[in-house]
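J.: For reference, the sequence and a predicted model appear below.
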Amino acid sequence: MKRLAWTMAVVLLFAVLTPLGVLTVGQVDAAPGNQQLCPVMGFEINRELFTDYQGKRVYFCCPSCPPEFKKTPDTYMAAMEADGVVPEDAPAAQAEPKQRTS
């Protein structure tokens, strides 16, 4: 009976705290610059690898991802937006996309 009471208490605690945003697992903070994963491969980003696209800086995990991103950038940007990722603003608006690879 004591075990059932503890189980019910834990379930009730999760039911109350999760909608309040206190307990979130894997949720992305919807603030500019919250990108942590590569939009192409889905691996952790390397901040030395990026492309500026439409005034936003998009980071990648490896040098092979920027060319893939440039094939269909709007598709990747839409997927990032759907996942709650808000790319940070590029330092300066560029007429042509820029890529920095180390």
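T.: On my side now, so go ahead.

J.: Show me where the chain has its strands.
T.: With DSSP state E as the criterion, the chain has strands at 46-53, 56-60, 88-89, 98-100.

J.: Can you name every helix or strand that the second one contacts?
T.: Right, strand 56-60. strand 46-53, helix 65-71, helix 73-82, strand 88-89 (3 or more Cβ pairs under 8 Å, 6 or more residues apart in numbering; DSSP states H and E). Where C-beta positions appear, they are placed from N, C-alpha and C, glycine not excepted.

J.: I'd like to check the angle between that strand and helix 73-82, please.
T.: 90 degrees (axes from the mean of the first three to the mean of the last three Cα atoms, to 10 degrees).

J.: tell me the angle strand 56-60 makes with strand 46-53.
T.: 140 degrees.

J.: Dump the helices and strands packed on strand 56-60 to a markdown table, plus mean neighbour count, distance to Q36 and mean pLDDT.
T.: Below are the helices and strands packed on strand 56-60 laid out as a markdown table (neighbours: other Cβ atoms under 10 Å; distance: least, Cβ to Cβ, whole Å; pLDDT from 0 to 100):
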| stretch | mean neighbour count | distance to Q36 | mean pLDDT |
| --- | --- | --- | --- |
| strand 46-53 | 18 | 10 | 96 |
| helix 65-71 | 16 | 14 | 97 |
| helix 73-82 | 14 | 11 | 96 |
| strand 88-89 | 14 | 12 | 93 |
